[in-house]
Structure formats: structure tokens, C-alpha cells
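S.K.: Need coordinates for the following:
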Amino acid sequence: MSIKGLVVAVIIAGFVSAAASARAEETPYGGKGAYASIGGVYGFAEGVNGYDGSGGYDLRGGYRIIDMFAVEGEWQHLTNFNATKSDGFDLEAYALTLNGKFYPITGRFQPYALLGAGWSHSQADTVPFSYHSNSFALRFGLGLAFYCTQRLGVSLEAGYLLPVTHNSGSYDFDVVPLTGSFFYHFN
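M.R.: Below you'll find the model as predicted:
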């Protein structure tokens with residue numbers, strides 16, 4: 001099993017065990033209201049050989065419409081996919097998506113599924129070469145939100161960002177982002 005597969009398996013196992021131990025009773029955690037989060041992300045490049053992963057940051061703002069459903073905007077920036085080939089060039093990637101989140105269990109531990117769509121961009125700016133590519137992208141994810149208090153919490157998420165409007169010869173690539181973040185719920 002690859003390291004990526006092992007990391008994703010550990011995250012999913014944690015997600016399942018937390019979901020099994022969480023109680024579905026009414027609690028003061030979550031609920032209707034706005035929230036914001038800031039976090040770090042590490043993305044594994046998929047679809048284009050010759051690149052290491054990249055670190056970056058993740059910013060989100062959203063609104064919990066009901067206890068079990070939220071809508072959010074997400075900005076993700078992966079700062080530097082290093083080329084592992086001597087003739088390659090480093091890439092930077094951005095994504096801006098509108099996501100829907102489904103929380104099947106509410107309480108202190110809240111597992112969720114995420115589905116989103118939006119814009120992704122990859123670029124390389126090295127002298128004398130410059131490359132920029134835009135794509136429509138889909139985002140999928142599974143995560144776990146843990147409320148430390150009624151308003152503050154942490155979240156872990158494993159996702160998949162899939163650009164769907166590739167051009168031939170494009171350096172757009174699928175990304176498997178692993179995100180850890182802190183959030184504040186304004187309810």
C-alpha cells in the first residue's frame with residue numbers, strides 16, 4: 001500500500017470510529033448559523049507524473065442552514081508542487097469552490113460528507129517559461145469536525161479535487177488534499 005493510501009485509510013478509519021461513538025442526540029454544538037475556518041493543507045498530485053506533494057492553506061466561510069446541512073465557500077492554495085524530473089518545472093495550484101456539507105450525526109463529534117464545484121487554476125512561472133491553466137472542477141470529501149467548545153473546534157478532511165475541463169497537453173491535475181483546520185461557529 002502506498003503512503004497516500006495508508007494516510008487516507010487512517011483518516012477514513014478515524015472518521016468511521018468517531019461516527020460510531022458519536023451520539024445523535026440534540027446538543028448545543030453546530031446548529032444553524034455562520035462559521036469560518038482557517039487551516040493547513042497538504043496535496044498529493046494525481047494525474048501528472050513527476051511531482052511531489054505540496055503544502056498550502058485553506059480558508060472557508062459558510063452557513064449551517066439546518067443541523068445536518070451547510071453551504072460554504074472554500075479557497076485552497078497549494079503553494080509549490082516540486083518537479084521531480086530535471087526537465088520539469090514547479091507548479092502552483094488554486095481552487096475556489098462552493099460546497100455542500102451533509103452532517104449525518106450531530107453532537108460534539110460531527111462526521112460529514114462534502115460535494116462541491118468551482119474553479120481550479122494551475123500555473124508555473126519560471127524564466128523563460130510561463131504557464132497558466134483554468135478549469136471547472138469538482139470537489140469531493142469526507143471529514144470529521146470536533147467541537148472543543150460550543151463555538152470553537154477542529155476539523156480533519158480527506159478530499160479529491162478533480163478538474164473536468166482539461167485541454168490536451170494541459171498540466172491541470174487531480175489533487176488529493178488532506179486538510180486540518182480550526183473553525184469558529186457564530187451561532
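S.K.: So what's the residue count around Trp119?
M.R.: Trp119: 15 surrounding residues under other CB atoms under 10 Å. C-betas here are computed from N, CA, C, even on glycine.
S.K.: Figure out the helix or strand that it lives in.
M.R.: Using DSSP states H and E, Trp119 maps to strand 109-126.
S.K.: from the chain's centre, how far out does whichever helix or strand comes after that strand sit?
M.R.: Remark: after strand 109-126, the chain's next helix or strand is strand 129-147, criterion DSSP H and E. Centroid displacement of strand 129-147 relative to its chain, using CA atoms, centre = their mean, to the nearest Å, is 6 Å.
S.K.: Show me what the helix or strand following strand 129-147 is packed up against.
M.R.: As assigned by DSSP H and E, the chain's next helix or strand after strand 129-147 is strand 152-163. For strand 152-163, the elements it packs on are helix 3-21, strand 33-46, strand 109-126, strand 129-147, strand 174-185, judged by 3 or more CB pairs under 8 Å, 6 or more residues apart in numbering; DSSP states H and E.
S.K.: Which residues belonging to stretch 144-159 are considered buried?
M.R.: For stretch 144-159, the neighbour count (16 or more other CB atoms under 10 Å) marks Leu144, Ala145, Tyr147, Arg151, Gly153, Ser155, Leu156, Glu157, Ala158, Gly159 as buried.
S.K.: do the same with stretch 95-108
M.R.: Buried residues in stretch 95-108 (16+ other CB under 10 Å): Ala95, Leu96, Thr97, Asn99, Lys101, Tyr103, Ile105, Thr106, Gly107, Arg108.
S.K.: start to end distance for that stretch?
M.R.: Terminal residues of stretch 95-108 are spaced 29 Å apart (CA to CA, to the nearest Å).
S.K.: for stretch 93-111, same thing?
M.R.: One end of stretch 93-111 to the other measures 27 Å (CA to CA).
S.K.: State the mean pLDDT of that stretch.
M.R.: Stretch 93-111 comes out with an average pLDDT of 93.
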